[in-house]
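**Student:** One predicted model, sequence on top.
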Amino acid sequence: MADFPPWADLADAVVREIANRLPCVYDRVHLAGVCRPWRESLERLPPLHPPPKLPYLILPLAEQPAFSCVLSGGATHPFFVPERIRHACYFGSYDGGWAFLSTLHPQANRVYFLANLAGTSGTFNLPNRIQLEREALELAPEEKPLLHRLVIYTATLSSDPFMDGCVVAGLINDQAPIPGYRRQKIAFWQIEDRVVVGYFYMGEACWDAVDVVRHNGAFHFLTKGEDIIVGNPVFAEAGAPPQVQWEYRCFSSQGRGYDGQHVVARYLVESSGELLMVVRCSPRPGEFTSAFKVFRMAQPEEDDDAPSLDGRTMLFVGRPCSRSDGDVVRYIWRELPSLEGRMLFVGRGCSRSYDADQYPGFEGGIYFFDHRIAGQLGDAPAQYPCSDCGKWTGKPALQVDRFFPEQDPSNYTSQVWLLNG
């Protein structure tokens, strides 16, 4: 039997074909490092096609974060993070490698900022104060409005932060000692602002938002009741609250159920120009994720049994509309029978959709991470379990694949997507 040639003597075309079958950029680097002949083969050939960009899952390990790569079968790669944010808390991300972070200042004040973790230099300080309304504080006209510390739960952007007019939309709360005032609020501010003055809330439970996404030029907020609040802010004057065009979209809940399971979370995802609601379920509270349901926003057809509900598009400077105002606007959530080849990466403020056909060897599925916070006692740091993460395909034989590597609980942050696109 003839001896096979040494691996180092592979033809250039074969080495290139191997590299093309490695969609992960880190795997390609490791391939070039196997031996000098392979590295020289790759250097002689035209540049490789860039690998497709899918989100990385940031793993908050004890020593420093790493990331798990979907393109590499969930393999873990080292991840350089500057020392000052090595143990920062993540509360969202945006395309281009941007991450929303917070750190605890020595004076026990939380500092919020937006940092690029994909090699592009850039950091934007975010507000950590909110300017409360005079009416809420019962201030006289000559008195200065008070500033209070705020908490940002999640946020997203209208565009790349370096673009003119970039606006941040977030779900926030404040620490003002005013009875009945500490309710979660929808807030808008410009990327350079250091104080939040544009915030909105209603006393009605239907305004409790759980997620936000940018869609069709406006911010869409999903509520616990599975309705949608659309807000389109316009900043006309520096230091003044924005004018916001609001639309409250009410959805019939008729016929929509979750097979008796507990709803863990709800997400909004833009997919091919459509707006999807992804509902994450578990058998009982506190148990691992077991299933997902996906719905598409639609207006009902004539044969749909959907009751008329109220809603109206109105312009408000300081007060948004409630669901009891206005004319009839009808919407429904139409359940999708399958994922139709979508790869959905879900997370509050950072959900994204990709077409599996563009990634050879991949199939439709929902990728999810663990954003739970376990209880904390006294001054002890919060604990983030970081264990309920994986991929759901909807196939009967394999409902949830614990796709990502196991890790110990974190004491500084939950997991989050790093969006590369």
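**Tutor:** Good, I have the coordinates.

**Student:** Leaving aside the residues adjacent along the chain, what's closest to residue 291?
**Tutor:** residue 281 (4.8 Å; C-beta to C-beta, 6 or more residues apart in numbering). C-beta here means a position set from N, CA and C on the backbone, and glycine is covered the same way.

**Student:** Tell me how many other residues crowd that neighbour.
**Tutor:** 18 (other C-beta atoms under 10 Å).

**Student:** Quick check: pLDDT value at it.
**Tutor:** The model reports residue 281 with a pLDDT of 94.

**Student:** what does residue 94 give?
**Tutor:** 97.

**Student:** cool, the one 4 residues further on as well?
**Tutor:** Model confidence at residue 98, given as pLDDT, is 96.

**Student:** again, but for the one 3 residues further on
**Tutor:** As predicted, residue 101 sits at a pLDDT of 96.

**Student:** And for residue 303?
**Tutor:** The model reports residue 303 with a pLDDT of 48.

**Student:** got the contact list for the residue nearest to residue 291?
**Tutor:** By C-beta atoms under 8 Å, 6 or more residues apart in numbering, residue 281 lies in contact with 258-259, 261-264, 289-293.

**Student:** Ends of stretch 155-174, what's the gap?
**Tutor:** Start-to-end span of stretch 155-174 (C-alpha to C-alpha, to the nearest Å) is 15 Å.

**Student:** Pull out the buried residues from that stretch.
**Tutor:** Neighbour counts over stretch 155-174 (16 or more other C-beta atoms under 10 Å) mark 155-158, 161, 166-174 as buried.

**Student:** Any chance of a markdown table for those, columns pLDDT and secondary structure?
**Tutor:** Shown next, in a markdown table, are the buried residues of stretch 155-174 (pLDDT from 0 to 100; DSSP: H, G, I helix; E, B strand; the rest coil):
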| residue | pLDDT | secondary structure |
| --- | --- | --- |
| 155 | 98 | strand |
| 156 | 98 | strand |
| 157 | 98 | strand |
| 158 | 98 | coil |
| 161 | 96 | coil |
| 166 | 96 | coil |
| 167 | 97 | strand |
| 168 | 98 | strand |
| 169 | 98 | strand |
| 170 | 96 | strand |
| 171 | 96 | strand |
| 172 | 94 | strand |
| 173 | 88 | strand |
| 174 | 81 | strand |
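
**Student:** that older thread, can you pick the most crowded of the contacts of residue 281?
**Tutor:** residue 292 (24 neighbours).

**Student:** hang on, that one packs against residue 366?
**Tutor:** Yes: using C-beta atoms under 8 Å, residue 292 is in contact with residue 366, at 5.0 Å.

**Student:** one step back: least confident of the contacts of residue 281?
**Tutor:** pLDDT is lowest at residue 259 among the contacts of residue 281; the value there is 83.

**Student:** Might you report the residue contacts of it?
**Tutor:** So residue 259 contacts 281, 291 (C-beta under 8 Å, 6+ apart).

**Student:** Return the residues in contact with residue 291.
**Tutor:** 259, 261, 281, 392, 399-400.

**Student:** okay, now residue 371: neighbour count?
**Tutor:** Neighbourhood size, residue 371 [other C-beta under 10 Å]: 22.

**Student:** mind checking the backbone torsions on it?
**Tutor:** Per-residue torsions, residue 371: phi -110, psi 20 (degrees, to the nearest 10).

**Student:** Grab the nearest non-local neighbour of it.
**Tutor:** residue 414 (4.7 Å).

**Student:** Quick check: that neighbour touching residue 374?
**Tutor:** No: if you go by C-beta under 8 Å, residue 414 and residue 374 don't touch, sitting 10.2 Å apart.

**Student:** Find residues that contact each of those two.
**Tutor:** By C-beta under 8 Å, 6+ apart, residue 414 and residue 374 have these common neighbours: residue 384.
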